[in-house]
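K.L.:
Predicted model follows, preceded by the sequence.
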Amino acid sequence: MTRLPEPAPGSLPAEVEAFLSTLPSDPMVSMMALSSSTTIQFVRFAGTLFTSLELPPRTREVVVLTVAANTGADFVHAQHQPIADAAGVEPRVRELIADRRSDSAELSASDAIVIRFAAGTVLSPRVSDSLFAEARQLLGDRQVAEVIQVIGFYWAFGRLSTMLDVPVTTIHGDRGPGDAASSVRFGDSAGARASSSVLPSPHDHS
């Protein structure tokens, strides 16, 4: 059971009610809807992270899983396992991220830099100059900024799940946005059918 009650039927603005009608019934949707003035924008921003970044999908998922591992966000960790798999993040890399083993010799040099940079951003106000320089050399200026924004979104998303005790009700696999059975995968499901932009399947951007 979540720590806050779901919004009462008819208690939300009409625009938000219409938007939510396009989403599957899920505890995370209900908790997001409590902040009714930000619900639509929050879901649409998730779509931007999947459709409009220069950052490669695989790198994005390495970052997301790192945020989940360093914030205890089991909901994000569980939901992004199939998304990360579809984006090409190998099972062993996912295991090392979950175990917070950024110093493992099994990681590629580039993965290790991304993981250490993402973890450092979560855990401290700023990373060391040397790590920042490594990330900048690897990613370039635009992708460094994008990584920080991906971290910020999934930190907030993860904290919604941990602070409000949102259960993982379904792991949604790799179904595409056109599948009527597709459920909450903020960033790659049918979550934005009510908007002018559709949030795609990870296969569309891998």
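P.N.:
Done, it's in.
K.L.:
quick one: the spatially most central residue of the chain and S21, what's the gap?
P.N.:
For the chain, Y154 is the residue whose C-alpha lies nearest the centre (C-alpha atoms, centre = their mean; 4.8 Å). Distance, Y154 to S21, using C-beta to C-beta, to the nearest Å: 26 Å. Glycine gets a C-beta too; all of them are placed from N, C-alpha and C.
K.L.:
same check, this time on V150
P.N.:
From V150 to S21 the distance is 28 Å (C-beta to C-beta).
K.L.:
ok, the two, which is more surrounded?
P.N.:
A count of neighbours by other C-beta atoms under 10 Å puts V150 above the other of V150 and S21, at 24 against 9.
K.L.:
element containing that one?
P.N.:
According to DSSP states H and E, V150 maps onto helix 129-163.
K.L.:
Report all helices and strands that that helix contacts.
P.N.:
helix 27-33, helix 39-51, helix 57-71, helix 74-87, helix 109-123 (3 or more C-beta pairs under 8 Å, 6 or more residues apart in numbering; DSSP states H and E).
K.L.:
measure the most far-flung residue of the chain relative to its centre to T170 for me?
P.N.:
In the chain, counting by C-alpha atoms, centre = their mean, G10 sits farthest out from the average C-alpha position, at 28.8 Å. When distance is defined by C-beta to C-beta, G10 is 26 Å away from T170.
K.L.:
can you check G140 too?
P.N.:
Applying C-beta to C-beta to G140 and T170 gives a distance of 37 Å.
K.L.:
The residue nearest to the centre of the chain reaches L65, doesn't it?
P.N.:
No. Using C-beta atoms under 8 Å, Y154 is not in contact with L65, being 9.2 Å away.
K.L.:
Okay, now the unreliable bits of the chain?
P.N.:
Flagging of the chain using pLDDT under 70 yields the residue ranges 172-206.
K.L.:
rerun at 80
P.N.:
169-206 (pLDDT under 80).
K.L.:
Return the residues in contact with R58.
P.N.:
By C-beta atoms under 8 Å, 6 or more residues apart in numbering, the contact list for R58 reads A84, A87, G88, V89, S206.
K.L.:
ChimeraX command to pick out the buried ones of these?
P.N.:
For the buried members of those, the matching ChimeraX selection, counting by 16 or more other C-beta atoms under 10 Å, is:
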select :84,87,89
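K.L.:
which one of the contacts of R58 sits closest to L107?
P.N.:
Checking the contacts of R58 against L107 with C-beta to C-beta, the nearest one is V89 at 11.4 Å.
K.L.:
Checking the closest one next. Helix, strand or coil?
P.N.:
coil (DSSP: H, G, I helix; E, B strand; the rest coil).
K.L.:
ditto for the one 5 residues further on
P.N.:
Following three-state DSSP, we place R94 in the helix state.
K.L.:
That one contacts I83, doesn't it?
P.N.:
No. With contacts counted by C-beta under 8 Å, R94 stays clear of I83, the gap being 10.9 Å.
K.L.:
Comparing those two, which residue is more hemmed in?
P.N.:
For R94 versus I83, the count of surrounding residues by other C-beta under 10 Å is larger for I83: 25 against 19.
K.L.:
Pretty sure that one sits against E61.
P.N.:
Yes. Between I83 and E61 there is a contact under C-beta under 8 Å: 6.1 Å.
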